[in-house]
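Colleague: 3D, please:
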Amino acid sequence: MRSTRIAISAAMVGALALPVLSATAASAAPVATVATAVPTSSCSSLPPLPYEVHTKAVTIRSKATTKSTALGVLYRSHKFTVHKKSGNWLYITDKTTGVKGWVSGTYVYRDVRMCLS
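Modeller: This next block holds a predicted model:
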């Protein structure tokens, strides 16, 4: 899923740079092409994006390890609250079922915001 977002971001950057890079050099009148950097706006003033489940479901566990007891399942459609992080694990409360426990940050993470002005 992350590699898909990286590929999409790379494609978007390539599409933005394409008109500058493909300017015709052999035209009747020489055209000066100046590549200017696109200034990025500050995203720090925007609130962080919410956490989402990026798979069909993820197991809610009693401890932050895959060997711990499974307490429930957090599905993509469920709303949940993140209370704390420990390494790549998140302690959550599933608002749909009320189950509290740990889920892997490999499957539950925030989307990335790209700011362009």
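
Colleague: was I right about residue 72 contacting residue 100?
Modeller: No - in terms of CB atoms under 8 Å, residue 72 does not count as a neighbour of residue 100; the distance is 9.2 Å. Heads up, the C-betas are built off the backbone N, CA and C, glycines and all.

Colleague: Name the residues contacting each of these two.
Modeller: 60, 94 (CB atoms under 8 Å, 6 or more residues apart in numbering).

Colleague: for stretch 72-89, what is the average pLDDT?
Modeller: For stretch 72-89, mean pLDDT is 94.

Colleague: in that stretch, what counts as buried?
Modeller: The neighbour-count check on stretch 72-89 (16 or more other CB atoms under 10 Å) flags 72, 74, 78, 80, 89 as buried.

Colleague: what does it contact?
Modeller: Outside stretch 72-89, the residues that reach it (CB under 8 Å, 6+ apart) are 51-60, 64-65, 90-97, 99, 101-106, 108.

Colleague: what about that stretch, start to end distance?
Modeller: One end of stretch 72-89 sits 15 Å from the other (CA to CA, to the nearest Å).

Colleague: All further residue positions should be reported with the first residue as 407.
Modeller: Right, with 407 as the first residue, what we last looked at is stretch 478-495.

Colleague: Cool, thanks, talk later.
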